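Asker: Take a look and give me a structure for this.
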Amino acid sequence: MSGVEQVAEVLARIRDPKLILDFLKCILTPYELEEVSGRWELVKLLNQGVSQRKISEQLGMSLCKITRGSRELKKQDSAFKRVLSDYV
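Answerer: Got it, this is the predicted structure:
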């Protein structure tokens, strides 16, 4: 099992959002936290039907990064889509 798989397994068992946040702040740099946060925001906006250009203006992200998120949402078994529909 890879390190990322182990982290996913551990996080799946934690039921305390504050502990998860504190853990993420420990394991990720401030830049990485900002990147993850930004990607989450862009996926939510894409899912709401906001145009890629508007997202680029709003979040200050490249269209390339936004297009990647859009492609992930369009996949048949998209984890983004599942998380958004089941947990948000």
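Asker: what's the neighbour count on V43?
Answerer: Neighbour count for V43, taken as other C-beta atoms under 10 Å: 22. In this view, the C-beta of every residue, glycine as well, is placed from N, C-alpha and C.
Asker: wait, it sits on K81?
Answerer: No. With contacts counted by C-beta atoms under 8 Å, V43 stays clear of K81, the gap being 9.0 Å.
Asker: who touches both of these two?
Answerer: Common contact partners of V43 and K81 (C-beta atoms under 8 Å, 6 or more residues apart in numbering): L73.
Asker: Please enumerate the strands of this protein.
Answerer: Read by DSSP state E, the chain holds no strands at all.
Asker: Dead centre of it: give me the residue that sits there.
Answerer: The residue lying closest to the centre of the chain (C-alpha atoms, centre = their mean) is W40, at 3.5 Å.
Asker: quick one: that residue from L24, how far?
Answerer: 12 Å (C-beta to C-beta, to the nearest Å).
Asker: go on, E41?
Answerer: Counting by C-beta to C-beta - E41 and L24 are separated by 16 Å.
Asker: which ones are touching S70?
Answerer: Counting by C-beta under 8 Å, 6+ apart, S70 has contacts 46, 52.
Asker: do the same with the one 3 residues further on
Answerer: Contact criterion C-beta under 8 Å, 6+ apart gives 43, 46-47, 80-81 as the residues in contact with L73.
Asker: Kindly report the same for R15.
Answerer: By C-beta under 8 Å, 6+ apart, R15 has no neighbours at all.
Asker: Quick check: pLDDT value at it.
Answerer: Note on R15: pLDDT of 95.
Asker: Look up phi and psi at it.
Answerer: phi -110, psi 10 (degrees, to the nearest 10).
Asker: Check the gap between the residue nearest to the centre of the chain and K65 for me.
Answerer: From W40 to K65 the distance is 12 Å (C-beta to C-beta).
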